[in-house]
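**Student:** generate a structure from the sequence data that follows.
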Amino acid sequence: MSDANSSMSGLPATNLGLDHADFSRKEIFADVVVFDPATITDHATFEKPHQYATGVKHVFVNGVQVIKNGEHTGAKPGRALGVGKAK
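**Tutor:** Model (predicted):
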């Protein structure tokens, strides 16, 4: 489980140069999406890009639930992350 956790959180964060986006430590920014693989469908098109996907049950951003039972809660806890480091 530890390897899967690292592969899906720490490794991508490291590759993107994000210092505080790792699923495995306390006080680190993390987002979680719970979806049904049998029903997930993206409805966005070039003409209508702002369409929600169906099959997404729950979404947590920085530990705050923003999608509950497929509906937006109104919460907006996201924050911009600096990608990459100046060289």
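**Student:** not counting its neighbours along the chain, what's nearest residue 37?
**Tutor:** Once flanking residues are discounted, residue 37 sits nearest to residue 55: 7.7 Å by CB to CB, 6 or more residues apart in numbering. Backbone N, C-alpha and C define where each C-beta goes, glycine included.
**Student:** how much space between the one you found and residue 33?
**Tutor:** 10 Å (CB to CB, to the nearest Å).
**Student:** so what would you say the end-to-end distance of stretch 32-49 is?
**Tutor:** 22 Å (CA to CA, to the nearest Å).
**Student:** give me the contact list for it.
**Tutor:** 50-60 (CB atoms under 8 Å, 6 or more residues apart in numbering).
**Student:** buried stuff in it?
**Tutor:** Burial within stretch 32-49, assessed by neighbour count using 16 or more other CB atoms under 10 Å, is assigned to residue 35.
**Student:** now stretch 60-77
**Tutor:** Of the residues in stretch 60-77, those buried (16+ other CB under 10 Å) are 60-61, 66-67.
**Student:** using PDB, write out every CA atom in it.
**Tutor:** What follows is stretch 60-77, C-alpha atoms only, in PDB (Å, rounded to 0.1, in the frame of the first residue of the first chain):
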ATOM      1  CA  PHE A  60     -12.000  16.400  -1.100                       C
ATOM      2  CA  VAL A  61      -9.600  19.400  -1.700                       C
ATOM      3  CA  ASN A  62      -7.100  20.100   1.100                       C
ATOM      4  CA  GLY A  63      -9.200  18.000   3.400                       C
ATOM      5  CA  VAL A  64     -12.500  19.800   2.800                       C
ATOM      6  CA  GLN A  65     -15.300  18.000   1.000                       C
ATOM      7  CA  VAL A  66     -16.300  19.900  -2.200                       C
ATOM      8  CA  ILE A  67     -18.400  17.200  -3.900                       C
ATOM      9  CA  LYS A  68     -20.700  15.100  -1.700                       C
ATOM     10  CA  ASN A  69     -22.900  12.400  -3.300                       C
ATOM     11  CA  GLY A  70     -22.200  14.000  -6.700                       C
ATOM     12  CA  GLU A  71     -23.200  17.500  -5.700                       C
ATOM     13  CA  HIS A  72     -21.000  20.600  -5.100                       C
ATOM     14  CA  THR A  73     -21.100  21.700  -1.500                       C
ATOM     15  CA  GLY A  74     -20.200  25.300  -2.200                       C
ATOM     16  CA  ALA A  75     -16.800  24.900  -0.500                       C
ATOM     17  CA  LYS A  76     -13.800  26.400  -2.400                       C
ATOM     18  CA  PRO A  77     -10.700  25.400  -0.300                       C
END
